[in-house]
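Engineer: Just to be clear, the model below is a prediction. Sequence and coordinates:
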Amino acid sequence: MSAEKNNPLNELDHQPRNWLDKIIFKLGDAASIFYLFTVVITFYEIVMRYAFNAPTIWVHETATFVGGILFVLGGSYALATNRHVRIVLLYDSVLDRTQNFLNVFHHIMGLIFTASLIYASYYMAESAFYAPWGEPRLETSGSAWDPAFPAYTKLIILMVFVIMFFQFLFHLIQDLVGIRGRK
């Protein structure tokens, strides 16, 4: 193993691997501006509440919605940039061939996990968009403002899990082709 490969700060290891990863990488970088948005509206709420005694009814729910969506998108972004959680102490101490097999195992487990999450989140999203008797309706927060953020959040969660499923599939194919090419 080369010293460059074992360097934990090697940025080459954290580049998108395929067209889907590249799209997610670009969208993730663009979406990061929404963190600033949540800071700005939270600051606005603090000023309105404590300086003018005029609290808002929309800031808390909006900041929670935006932050939650960014958190969910973070999983796909981490996978696209190869910054997901792994036991680096063990992973970096094995040979390249063993790392390749660990990657394949990781991607297979990721496919099973995201398929399970797609199944569960589909029913969660369906119940957020349809009443139990089948009539279309959006689940709302139940607050004074009552936005449909819960319904939108559940739909985005489903969409992100579908995207992550394809990310795992593409990574698995790339790793299998890479292993076959080295034999």
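Structural biologist: Ah, there it is.
Engineer: Which parts of this structure are helices?
Structural biologist: 3-6, 19-31, 33-50, 59-80, 88-91, 96-129, 149-182 (DSSP state H).
Engineer: list the helices and strands the second one packs on?
Structural biologist: Helices and strands in packing contact with helix 19-31 are listed as helix 59-80, helix 149-182; criterion 3 or more C-beta pairs under 8 Å, 6 or more residues apart in numbering; DSSP states H and E. C-beta: built from backbone N, CA, C; applies to glycine.
Engineer: Same question for the last one.
Structural biologist: Judged by 3+ C-beta pairs under 8 Å, 6+ apart, the packing partners of helix 149-182 are helix 19-31, helix 59-80, helix 96-129.
Engineer: For the second one, name the packing helices and strands.
Structural biologist: Read that as helix 59-80. helix 19-31, helix 33-50, helix 149-182.
Engineer: mind checking which of the helices of the chain is nearest residue 13?
Structural biologist: helix 3-6 (7.8 Å; C-beta to C-beta).
Engineer: could you give me the average pLDDT of that closest one?
Structural biologist: Averaging pLDDT along helix 3-6 gives 49.
Engineer: How about stretch 62-79?
Structural biologist: Stretch 62-79 carries an average pLDDT of 96.
Engineer: What number of residues are in the vicinity of residue 177?
Structural biologist: 10 (other C-beta atoms under 10 Å).
Engineer: thinking again about what came up before, how about the helices of the chain in CSV, adding distance to residue 135?
Structural biologist: Below are those laid out as CSV (distance: least, C-beta to C-beta, whole Å):
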stretch, distance to residue 135
helix 3-6, 57
helix 19-31, 33
helix 33-50, 33
helix 59-80, 24
helix 88-91, 50
helix 96-129, 10
helix 149-182, 14
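Engineer: need the least confident one among those, by mean pLDDT.
Structural biologist: helix 3-6 - the lowest mean pLDDT of the helices of the chain, at a mean of 49.
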